[in-house]
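Colleague: Build me a structure from this.
(one chain, ligands or ions: 2)
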Amino acid sequence: MKGFAMLGINKVGWIEKDKPACGPLDALVRPIAISPCTSDVHTVWEGALGERTDMILGHEAVGEVAEVGSLVKDFKPGDKVIVPAITPDWNSLEAQKGFSMHSGGMLAGWKFSNFKDGVFGEYFHVNDADGNLAHLPKELDAAEAVMLCDMVPTGFHGAELADVQYGDDVVVVGIGPVGLMGVAGAALRGAGRIYAVGSRQVCADAARGYGATEIINYRNGDIVEQVMELTHGKGVDKAIIAGGDVTTIGQVLKMLKPGGRIGNVNYLGSGENVLVPRLDWGCGMSHKIIACGLMPGGRLRMEKLAAVITAGRLDVSPLLTHRFQGFEHVEEALLLMKDKPRDLIKPVVTI
Ligand code: NDP
Ligand code: ZN
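Modeller: Numbering: from 1, shown residues only. Ligands and ions are numbered 1, 2, ... in the order given. Coordinates of the predicted model:
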């Protein structure tokens, strides 16, 4: 079968591979809508996970089940399914402890385009099909449902990690598709004012639509000064980080009130250390918490988040700024994600 792959750090291309084997608990899925992720960009062009050779990329797909193992109960060939980016081993000790995304080791619940071939192939393998596939609700468009694989769960996880409460003032640093879902998640959880940091106009407009009350352009000056001015020197209760670099956590600690929480979902692709400013962290006694996480995956999470859309509480269509038809456009879509033209939020390819 054909797949679009990371050939090595800085190198991508089409390759031929054998169709994956399907174990008794597994499924083989044929993608019908896929999207590249900024994480693919960190992995290939920053070499953030280390070397990977001839690994098919992609971890965001809605597909059709092609084959199931003999022990799979709830899915059959022909079913349309949402496949989460994170597909844990549900019987692992880490999952039993509540950290399924780290089943088998740190970040090891993230298998597609990390530890095995991803979803940009003619077929892809899903472990633990009953635990990791979700039926695509009839009323959901496949291209829009792809946002449930990674963008919605990750942005919402940022709001969960930050523990956004009713009336909290929240800063969301980074308003690409993940940060935009952070804004939406914070608004759904009852945030007060939401300060959204980004520079692309298309993202700023979408952020307002999802509930941001103020937009801060980091290219127009220090974001700490801008947030402190807008909050009359008080700072914010909570922060979601979905963009920036190793200096961003330090900046956010400066604008966070004592007892505040950061929910970081940003994938730090480069840099050795994250610097924590000692004084702004109350010399280690500020009760300012830095929580960070890989998104939770699995079937229940997909079903719950799909329900947020089918109940009419979330519209993901504004994220889909670039739509392609045909598998061969995967390369173009990935390069868009790498180059981030000013009118881009997220590309999607339907097959
Ligand atoms: P984008 O690149 O589309 O968005 C990044 C955002 O950060 C943009 O708004 C960008 O602004 C802004 N930004 C860039 N530099 C700075 C800076 N120095 N200060 C403040 N803001 C800045 O990324 P995505 O939304 O696709 O993804 C966000 C992150 O989440 C990525 O690192 C991705 O790998 C990660 N991720 C993590 C997952 C998880 O499970 N934890 C899952 C999926 C993704 P501008 O408008 O100028 O572009
Ligand atoms: Zn991703």
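
Colleague: In the stretch 151-300 of the chain, which residue sits nearest ligand 2?
Modeller: T154 (6.9 Å; Cβ to the ion). Placement of C-beta: from N, CA and C, glycine included.

Colleague: now do the chain
Modeller: C37 (3.1 Å).

Colleague: Around that residue, how many other residues sit close by?
Modeller: Other residues near C37 come to 25 when the count uses other Cβ atoms under 10 Å.

Colleague: Could I get the contacting residues of it?
Modeller: 58-60, 85, 150, 337 (Cβ atoms under 8 Å, 6 or more residues apart in numbering).

Colleague: Okay, it and D222: tell me how far apart.
Modeller: Separation of C37 from D222 (Cβ to Cβ, to the nearest Å) stands at 29 Å.

Colleague: sorry, back to before: is it true that the residue of the stretch 151-300 of the chain closest to ligand 2 touches M181?
Modeller: Yes - between T154 and M181 a contact is recorded at 6.8 Å, counting by Cβ atoms under 8 Å.

Colleague: Could I get the full set of helices for this protein?
Modeller: Ranges of helices within the chain are 38-45, 93-96, 129-132, 142-145, 151-161, 177-188, 201-210, 223-230, 248-255, 299-310, 330-339, based on DSSP state H.

Colleague: May I see those arranged in a markdown table, with mean pLDDT as well?
Modeller: What follows is the helices of the chain, written out as a markdown table (pLDDT from 0 to 100):
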| stretch | mean pLDDT |
| --- | --- |
| helix 38-45 | 95 |
| helix 93-96 | 98 |
| helix 129-132 | 98 |
| helix 142-145 | 98 |
| helix 151-161 | 98 |
| helix 177-188 | 98 |
| helix 201-210 | 98 |
| helix 223-230 | 98 |
| helix 248-255 | 98 |
| helix 299-310 | 98 |
| helix 330-339 | 97 |
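
Colleague: which of those helices sits most buried?
Modeller: Most buried of the helices of the chain, by mean neighbour count (mean count of other Cβ atoms under 10 Å): helix 177-188, with a mean of 29.

Colleague: neighbours of D343, just the number please.
Modeller: D343 has 12 nearby residues by other Cβ under 10 Å.

Colleague: And it, how far from V12?
Modeller: From D343 over to V12 (counting by Cβ to Cβ), the distance is 23 Å.

Colleague: The residue of the stretch 151-300 of the chain closest to ligand 2 - nearest residue in space that isn't next to it in sequence?
Modeller: Among residues not flanking T154 along the chain, M295 sits closest, at 4.2 Å (Cβ to Cβ, 6 or more residues apart in numbering).

Colleague: That neighbour reaches P88, doesn't it?
Modeller: No - in this structure M295 lies outside contact range of P88 using Cβ under 8 Å: 11.1 Å.

Colleague: Could you list the contact residues of the stretch 1-150 of the chain toward ligand 1?
Modeller: Taking Cβ under 6 Å from any ligand atom as the contact definition, the stretch 1-150 of the chain meets ligand 1 at 37-39, 42, 150.

Colleague: Those residues into JSON lines, with extra columns for distance to V274?
Modeller: Shown next, in JSON lines, are those (distance: Cβ to Cβ, whole Å):
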{"residue": "C37", "distance to V274": "22"}
{"residue": "T38", "distance to V274": "18"}
{"residue": "S39", "distance to V274": "18"}
{"residue": "H42", "distance to V274": "15"}
{"residue": "D150", "distance to V274": "23"}
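
Colleague: Can you pick out the most distant pair from those residues?
Modeller: H42 and D150 (13.3 Å; Cβ to Cβ).

Colleague: and T53, how many neighbours does it have?
Modeller: 10.

Colleague: Does it touch L7 like I think?
Modeller: Yes - with contact defined as Cβ under 8 Å, T53 reaches L7; the gap is 6.9 Å.

Colleague: partner residues bridging the closest residue to L230 other than its chain neighbours?
Modeller: Distances taken as Cβ to Cβ, 6+ apart put E214 closest to L230, at 5.7 Å, once the chain neighbours are dropped. Beta bridges link E214 to Y195 when assigned by DSSP bridges.

Colleague: Report the contact partners of E214.
Modeller: 193-196, 230.

Colleague: Next, see if stretch 312-324 gets close to ligand 1.
Modeller: No - Stretch 312-324 does not reach ligand 1 (Cβ under 6 Å from any ligand atom); its nearest approach is 9.5 Å.
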